[in-house]
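A.B. asks: Here you go, sequence then predicted model.
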Amino acid sequence: MAVSFPKCPSSPLPPLQTRNRAWSSPPLQVGDSSKWALLEATKRCHLCVSATNGGSAVAPVEPSKKVQDSGTKTTPTDHSTKVENGIRPTVFSSNEFQDLKTGPDNSGRESTVSITVVGASGDLAKKKIFPALFALYYEGFLPKHFTIFGYARSKMTDSELREMVSRTLNCRIDQRENCDAKMEEFLKRCFYHSGQYDSEAHFIELDKKLKHHEGSRISNRLYYLSIPPNIFLDVVKCTSLAASSENGWTRVIVEKPFGRDAESSASLTRGLKQYLHEDQIFRIDHYLGKELVENLSVLRFSNLVFEPLWSRQYIRNVQIIFSEDFGTEGRGGYFDSYGIIRDIMQNHLLQIVALFAMETPTSLEAEDIRNEKVKVLRSMKTLEIDDVVIGQYKSHTRGGVVYPGYTDDKTVPNDSLTPTFAAAALFINNARWDGVPFLMKAGKALHTKRAEIRVQFRHVPGNLYKKCFGTDLDRATNELVIRVQPDEAIYLKINNKIPGLGMRLDRSNLNLHYAARYSKEIPCAYERLLLDAIEGERRLFIRSDELDAAWALFTPLLKDLEEKRIAPELYPYGSRGPVGAHYLAAKYNVRWGDLGAEH
Amino acid sequence: MTILRFYQRPSSLSIAFSSRHERSFSGSSELVTLTTRRNQCWRFSPLKSSNGSPLAGASWKDDGKEMPVPKVPDIGSQLAENTVSITVVGASGDLAKKKIFPALFALYYEGYLPQHFTVFGYARSKLTDEELRHTISTTLTCRVDKRENCSDKMEQFLRRCFYHSGQYGSEVDFCELDNKLKEKEDGKLANRLFYLSIPPNIFVDVVRGASRSASSPNGWTRFIVEKPFGRDSESSSELTRCLKMYLIEEQIFRIDHYLGKELVENLSVLRFANLVFEPLWSRNYIRNVQLIFSEDFGTEGRGGYFDHYGIIRDIMQNHLLQILALFAMETPVSLDGEDIRNEKVKVLRSMRVLKLDDVVVGQYKGHTKGGKSFPAYTDDPTVPKGSLTPTFAAASLFIDNARWDGVPFLMKAGKALHRRGAEIRVQFRHVPGNLYKRKFGTDLDKATNELVIRVQPNEAIYLKINNKVPGLSMRLDSSNLNLLYSERYPREIPDAYERLLLDAIEGERRLFIRSDELDAAWAIFSPLLRELEEKKVVPELYPYGSRGPVGAHYLAAKYNVRWGDLSDSS
């Protein structure tokens, strides 16, 4: 397991331990101790700290504190006072004010981070990764010294890469100062290396170049695999064997798809683990980096008014809705072999469900949160075909414009049965959520583009005002809506008296509209996730066991759909999706919140 | 209908059963009449339930016989059309001019008054009908959002307004009024409403005169009484006793216009029609409740009445206490007036009697700001120089019942403060074992949720929640989940007096104060008031236009409360 970690004890403590964004941000805890590596990491930390401590000015209590937080039984006595104060002693309680990231490390050497984007000429790299890196640089979140490498097969010079990158960079709307200067400085740190994805020799060359830029600094390396899944393993093998950092950390960010089903996913994980330690794998789910998904836990756990309501006793159903208002538009090749369930549901929406439904974690530490999420996933009922509706968009002519059907896409086989829409009812068989339907819906080529979480509450028992509501009390219940995108907002629908002399009630919203409240631009999910990966914050990345649990829920269904060649219900491009979704909802006495007269 | 359980109903007296939700489905002022000698009920709107079928309540049992309600007003000859006559006693007074007549016109304008009605002004001054109409017309305004036919409507309304000059203590004069009323009522079934807009010392005289000489012979007769209802328990119960010599409980409508405010009305809707609030409504989740009233002006030369009562009697013992009772009551059996008042009385009777230690009193002093000088309370020529009357008071109250044990209910009311407003603030407890506690600094109580119901001005409801500040870091701040009435509801919000007048006409007693409620309210405040006066407690002086005496903060601190309206982000 620790194949790639033999260096640790002899090397100084990598900044991985100091992932506190010291200048602004969460004192995130000792997230390093994953379930597997807990003991090892503990030892490692202990050793590392002891090793570096001799020559540094770190307060002598530090090592014992770290050890304590990492879960070992050594109990230093000098913390009792802090505990009494109600302040949890963590690693960061005392070094919070040190700028460990950019400053020299404990041994006096500066550290640097090298970010290599593998598949640099791809769409994702151009549209998301480089702009996100620039935004981080622009906002001052990257360490003082950093290097960015593009790696791909195409022949390109450094300046060609820079030219390509520069076209996609833009500055925050709210802080335009020095933008050009910053861009120039940033581009000066970008380099390109051309090589085959499976050639160790090419990665050795990359390693040399990296070393050249890193100089004598402690080098930390981050690889972002923005490549098709079939070459994941090749690249991982090469990077870990030929281009791992010698004295710092090496981490690999992997993008979906993580397999097609339980088996292929497990075999991918097995493959990755031949070369990487669990701690090194950062499986990205960019939905977890969305501002309002991040805020979900804050809402739940830092507001007294929500947590008491967060259970089957008050919540009638939860809806997680994703829709796109465009189709595959000539890029259906990849999509067709996965389909909407794998592309959106099994990862993004399921992750949101897990975050929504989890029990209160022991702390905000990544492992604590992921432990709770796994528990949710493992309590869920395996999805059955009866609880799913699938659809595929067909062409539609509106206002003289013809919108193509899914199978009109040239990259899609003409007889494709791949769903572009799916709705599913899921259940969590635990004490908190027993019987509460979690409805998911995801689709392409629908009438609107949005992602939202809707929490419908039960009706008021013995409602005094029931005469004011018509016959269906369930239609007048409270609803909490968290709109993830676009136009971020949180609102709570409440029943309110319409002002006037009568007693008529209507549903009004208690609103928090982000654009109105927060003038700052909301950062892109990739910025947050990249920063987290650099800092070693794993909260928003998917652990192997989480992934396994997620696939276990969906694999039987996916197999069933494919074996039985279930034909998707057709729906017109730009419509509200197949009506089957309503019948599925009706089966569990749910009404989709996004398709009502008022949202 | 639960009224019947509580009060002996003399068979000659009528009671209109009409509850507010029925009004909701009307929209028009179509009149459905149901009249018998025994049970005169009239209402403006056909009874309909939400699904269009008749409500179960659409028939009454009377003497064991069930009487179906006719669906259309083509009632037999013995059922006369009915009318309502509203007599404003003290018609030349300020309240009448500013509130009562405009409210009556607004009701007429919106179609809430019955087809036939008569408005009478009664006062000592010699006025002609024309002169009264002229006085009234200067104060009438139309709804901002419906200006159509406004002057026509005004004219029609004024034609129904009359004046009768008479002494308040003279039965003869009321007999004359009765004659005039009869003439206008024209043989219709007459319901009569007297609005006593007069000083309290003549309440009983007028009630005697009007009830003996000008009661309706065949319909109901009701009296709306304005505060003050006495100065303490004794004087209040004396007043009640006197009123009851001539009136029975059902005829007395003690107005507390705060109960007619839109957001006070909405308080029960919020609590009882939303699942998300009721579970939180107890000592388990609520840390304290604040009821705050402030005016940004002083007595301004009209301190004579005020000086005799003071802010505690003028605002706290009635308005704020009524809101508190509504806020804290258990779920009533129904929305029926008596059920709600029963629950309110229970709250009041569970409250601890207020002690001097739990009260801070203040009085404003002169202040010069920006070259302008604002007078002190005692500078008011109508106020005695040495007056100790509080113009500000803060008090902490406790309800010793299972739901509220230990939760401080803080009240604050004052004149000549830095702003004008009335609001209810509910501060919740801190999140137990808050995962994010390190983001909040040392005082977790400063980052709790807070529900604010702003009664006036600029009506709003908002819930303060802790939210992540968007961005890459994990900083939290307090944001609001907002409902701003002016944004959501473009329609003008009716004045409290409109609602209360309409309720009195309809016999809806939910928003009026019952005698036992009043007794219970006085019982809480009387010992304190007596002590303040006996000990001649000197109020803490505060500058005109300031935030009030600092003593209020110390009072709050004593119960670990922080006033929500004086923080930065209120």
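C.D. replies: Arrived safely, thanks for sending. Numbering: from 1, shown residues only, chains lettered A, B, ... in the order given.

A.B. asks: and the gap between the residue sitting furthest away from the middle of chain B and B:D173?
C.D. replies: Distance to the chain centre peaks in chain B at B:L472, reaching 49.4 Å (criterion: C-alpha atoms, centre = their mean). Here the criterion is C-beta to C-beta, to the nearest Å. By it, B:L472 lies 80 Å from B:D173. Placement of C-beta: from N, CA and C, glycine included.

A.B. asks: Can you name the residues of the stretch 201-350 of chain A sitting close to chain B?
C.D. replies: By C-beta under 8 Å from any C-beta of the partner chain, the residues of the stretch 201-350 of chain A that approach chain B are A:291, A:294-295, A:297-299, A:301-309, A:314.

A.B. asks: all helices of the stretch 201-350 of chain B, in order?
C.D. replies: Assigned by DSSP state H, counting those that start in this stretch, the helices in the stretch 201-350 of chain B fall at B:203-213, B:233-246, B:262-272, B:303-311, B:321-328, B:337-350.

A.B. asks: er, the stretch 451-570 of chain B I mean
C.D. replies: Here the stretch 451-570 of chain B has its helices, by DSSP H, counting those that start in this stretch, at B:485-488, B:496-506, B:515-534, B:551-558.

A.B. asks: A:I284 is in contact with A:V252, correct?
C.D. replies: No: counting by C-beta atoms under 8 Å, A:V252 does not reach A:I284; the two are 10.5 Å apart.

A.B. asks: For these two, list the residues in contact with both.
C.D. replies: Residues touching both A:V252 and A:I284 (C-beta atoms under 8 Å, 6 or more residues apart in numbering or on different chains): there are none.

A.B. asks: are any of the residues of the stretch 201-350 of chain A next to chain B buried, and which?
C.D. replies: For those, a burial check counting by 16 or more other C-beta atoms under 10 Å in any protein chain shown picks out A:291, A:294-295, A:297-299, A:301-307, A:309, A:314.

A.B. asks: now, the most widely separated pair of those residues?
C.D. replies: A:E291 and A:Y314 (25.8 Å; C-beta to C-beta).

A.B. asks: What residues does the stretch 201-350 of chain B have near chain A?
C.D. replies: Contact residues (C-beta under 8 Å from any C-beta) of the stretch 201-350 of chain B with chain A: B:262, B:265-266, B:268-270, B:272-280, B:285, B:331-332, B:334-335.

A.B. asks: where does A:D285 land on pLDDT?
C.D. replies: Reported pLDDT at A:D285 in the predicted model: 90.

A.B. asks: distance of it from A:I231?
C.D. replies: Relative to A:I231, and taking C-beta to C-beta, A:D285 is found at 21 Å.

A.B. asks: Please say which of those two ends up with more neighbours.
C.D. replies: Shown here are A:D285 and A:I231; by other C-beta atoms under 10 Å in any protein chain shown, A:D285 has more neighbours (24 against 15).

A.B. asks: From chain B, how far off is the more buried one?
C.D. replies: A:D285 is 17 Å from chain B, where distance means C-beta to the nearest C-beta, to the nearest Å.

A.B. asks: what residue ranges in chain B are flagged as low confidence?
C.D. replies: By pLDDT under 70, the low-scoring segments of chain B are B:1-80, B:143-147, B:441-442, B:444, B:567-570.

A.B. asks: 80 - rerun?
C.D. replies: For chain B, residues meeting the criterion pLDDT under 80 lie at B:1-80, B:141-149, B:437-446, B:490-492, B:566-570.

A.B. asks: isn't B:T299 right next to B:P381, touching?
C.D. replies: No: using C-beta under 8 Å, B:T299 is not in contact with B:P381, being 10.1 Å away.

A.B. asks: need the helices of the stretch 451-570 of chain B in JSON lines with distance to B:F409, can you?
C.D. replies: Listed next are the helices of the stretch 451-570 of chain B as JSON lines, based on distance: least, C-beta to C-beta, whole Å:
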{"stretch": "helix B:485-488", "distance to B:F409": "25"}
{"stretch": "helix B:496-506", "distance to B:F409": "22"}
{"stretch": "helix B:515-534", "distance to B:F409": "11"}
{"stretch": "helix B:551-558", "distance to B:F409": "12"}
